[in-house]
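1. Generate coordinates for the sequence data below:
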Amino acid sequence: MKNLIKVERAKMNLTQADLAEKVNVSRQTINSIEIGKFVPSTLLSLKIAAIFNSTVNEIFSLEETDWEHKF
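-> Just a heads-up that it's a prediction; the model follows:
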């Protein structure tokens with residue numbers, strides 16, 4: 001899953017630590033989301049989008065390979 005967190009953080013001059021504090025997670029969690037190693041929960045996705053005054057769909061988007069995942 002792709003995301004625009006790094007871009008949105010830059011627009012607001014926020015560090016990973018700043019964003020992490022605002023959504024009550026660790027800086028490492030924000031880093032893992034940004035680099036695609038961790039897919040955030042719906043709740044966390046909504047919180048992140050709210051910080052950026054955006055929707056979840058504006059911040060996160062599916063990649064072609066996401067459709068190949070079997071549940």
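
2. Give the buried residues for stretch 42-49.
-> 44-45, 47-49 (16 or more other C-beta atoms under 10 Å). For the C-beta atoms, the positions are set from N, CA and C on the backbone; glycine is no exception.

3. Show me what it is in contact with.
-> 5, 19, 22-25, 33, 40, 55-56, 58-60 (C-beta atoms under 8 Å, 6 or more residues apart in numbering).

4. Among those, which pair sits farthest apart?
-> Spanning the widest gap among those are 24 and 58, at 21.5 Å by C-beta to C-beta.

5. So which of the two has more stuff around it?
-> Taking other C-beta atoms under 10 Å, residue 24 and residue 58 do not tie; residue 58 has more neighbours (12 against 9).

6. how close does the more buried one sit to residue 68?
-> As judged by C-beta to C-beta, to the nearest Å, residue 58 and residue 68 stand 24 Å apart.

7. Residue 39 and residue 1 touch, don't they?
-> Yes. Proximity of residue 39 to residue 1 meets the contact threshold set by C-beta atoms under 8 Å, at 5.8 Å.

8. Any chance of the contacts of stretch 42-49 in a markdown table with secondary structure, distance to residue 12 and pLDDT as columns?
-> Listed next are the contacts of stretch 42-49 as a markdown table, based on DSSP: H, G, I helix; E, B strand; the rest coil; distance: C-beta to C-beta, whole Å; pLDDT from 0 to 100:
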| residue | secondary structure | distance to residue 12 | pLDDT |
| --- | --- | --- | --- |
| 5 | helix | 11 | 98 |
| 19 | helix | 9 | 98 |
| 22 | helix | 10 | 98 |
| 23 | helix | 13 | 98 |
| 24 | coil | 17 | 98 |
| 25 | coil | 17 | 98 |
| 33 | helix | 16 | 98 |
| 40 | coil | 18 | 98 |
| 55 | coil | 16 | 98 |
| 56 | helix | 17 | 98 |
| 58 | helix | 14 | 98 |
| 59 | helix | 13 | 98 |
| 60 | strand | 17 | 98 |
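
9. Would you reformat these as JSON lines and include distance to residue 11?
-> Output for those, formatted as JSON lines (distance: C-beta to C-beta, whole Å):
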{"residue": "5", "distance to residue 11": "11"}
{"residue": "19", "distance to residue 11": "12"}
{"residue": "22", "distance to residue 11": "15"}
{"residue": "23", "distance to residue 11": "17"}
{"residue": "24", "distance to residue 11": "21"}
{"residue": "25", "distance to residue 11": "20"}
{"residue": "33", "distance to residue 11": "17"}
{"residue": "40", "distance to residue 11": "19"}
{"residue": "55", "distance to residue 11": "16"}
{"residue": "56", "distance to residue 11": "17"}
{"residue": "58", "distance to residue 11": "12"}
{"residue": "59", "distance to residue 11": "12"}
{"residue": "60", "distance to residue 11": "16"}
